[in-house]
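Trainee: with the input below, show me the fold.
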Amino acid sequence: MTKTDAPPRWDRRMQQRLVHGEAAALGELYDRFASLVHGLARRVLGDEQAADSITREVFAQVWQHPDAYDPAQGPLRSWVAALAHRLAVQRLRVTETAAPAAGGTGSPEELEHKVRRASVAARADHIVHSMPAPLRAALELACFQRCDYRQTAAALGVGEDEARRRLRLGLQLLSTAHDAGRGTGGPGAPPGPGGAA
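Mentor: Numbers count the residues shown, from 1 in each chain. Next up, the predicted model:
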């Protein structure tokens with residue numbers, strides 16, 4: 001790993017603090033990533049209480065196994081998001097598999113489709129929240145306020161070429177969410193490159 005590829009100092013220091021059992025570090029980590037974890041779990045499971053449960057489980061696992069994070073594999077944020085995604089997909093599989101036994105009609109193919117769809121949606125959420133603010137702002141204007149590139153440029157105070165560039169890059173990043181659902185990792189694979197979100 002080159003020096004420029006090294007994870008941020010905060011990630012390495014946070015892991016060290018967790019390994020040493022510093023409770024304040026867990027609180028700091030929770031403050032920083034709880035909304036990300038909860039949002040991913042809610043997107044996959046479609047249930048607020050289940051998302052609360054997954055959030056507690058993620059931070060319990062981080063506290064119990066902080067050495068499972070390998071800074072060489074990427075940012076701590078991505079590792080936590082991948083853990084949340086994996087646990088939420090596991091819960092979805094258990095819940096959906098139990099549903100037919102309770103009188104439902106879900107087939108294994110329907111379950112896989114639901115898991116794939118939830119994984120793509122969770123990955124898209126993560127991508128949008130992780131992308132640089134200028135790209136996110138351009139996408140929000142185009143998608144939610146139905147602005148064209150000229151209106152987006154005016155609203156952001158940038159040139160039309162720059163607005164088009166931001167929209168194109170943002171859409172390219174978002175397209176990877178769908179591609180990941182069809183990738184070699186399969187529908188239950190954690191989001192992100194190398195198995196990270």
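Trainee: domains in the protein, by residue range?
Mentor: 1-118, 131-185 (automatic domain parsing).
Trainee: I'd like the ones you listed laid out as JSON lines, including distance to residue 125, mean neighbour count and mean pLDDT.
Mentor: For glycine as for every other residue, the C-beta is placed from the backbone atoms N, C-alpha and C. Formatted as JSON lines, the domains of the chain follow (distance: least, Cβ to Cβ, whole Å; neighbours: other Cβ atoms under 10 Å; pLDDT from 0 to 100):
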{"stretch": "domain 1-118", "distance to residue 125": "5", "mean neighbour count": "16", "mean pLDDT": "84"}
{"stretch": "domain 131-185", "distance to residue 125": "9", "mean neighbour count": "16", "mean pLDDT": "83"}
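Trainee: please, which helix or strand holds the residue nearest the centre of the chain?
Mentor: Closest to where the C-alpha atoms of the chain average out (Cα atoms, centre = their mean) is residue 126, at 3.5 Å. In the assignment (DSSP states H and E), residue 126 maps to helix 108-130.
Trainee: quick revisit: ok, so what distance separates the residue nearest to the centre of the chain from residue 43?
Mentor: 9 Å (Cβ to Cβ, to the nearest Å).
Trainee: sorry, back to before: so the residue nearest to the centre of the chain sits against residue 40, correct?
Mentor: Yes: counting by Cβ atoms under 8 Å, residue 126 does reach residue 40; the two are 6.4 Å apart.
Trainee: for the lengthiest helix in the chain, packing partners?
Mentor: Longest helix in the chain by number of residues (criterion: DSSP state H): helix 76-101. If you count contacts as 3 or more Cβ pairs under 8 Å, 6 or more residues apart in numbering; DSSP states H and E, helix 76-101 packs onto helix 9-19, helix 23-45, helix 48-64, helix 108-130.
Trainee: give me the residues contacting the third one.
Mentor: So the one you mean is helix 48-64. 18, 26, 29-30, 34, 37-39, 41-42, 45, 68-69, 80, 83-84, 87-88, 91, 95 (Cβ atoms under 8 Å, 6 or more residues apart in numbering).
Trainee: restricting to C-alpha, output that helix in CSV.
Mentor: Below are the C-alpha coordinates for helix 48-64, written out as CSV (Å, rounded to 0.1, in the frame of the first residue of the first chain):
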residue,chain,number,x,y,z
GLU,A,48,-37.5,0.6,11.5
GLN,A,49,-37.4,-1.8,14.5
ALA,A,50,-35.3,-4.3,12.5
ALA,A,51,-33.0,-1.5,11.5
ASP,A,52,-32.6,-0.5,15.2
SER,A,53,-31.7,-4.1,16.0
ILE,A,54,-29.1,-4.3,13.2
THR,A,55,-27.6,-1.0,14.3
ARG,A,56,-27.1,-2.3,17.8
GLU,A,57,-25.7,-5.6,16.4
VAL,A,58,-23.2,-3.8,14.2
PHE,A,59,-21.8,-1.7,17.0
ALA,A,60,-21.7,-4.7,19.3
GLN,A,61,-19.7,-6.6,16.8
VAL,A,62,-17.3,-3.6,16.2
TRP,A,63,-16.8,-3.4,20.0
GLN,A,64,-16.2,-7.1,20.4
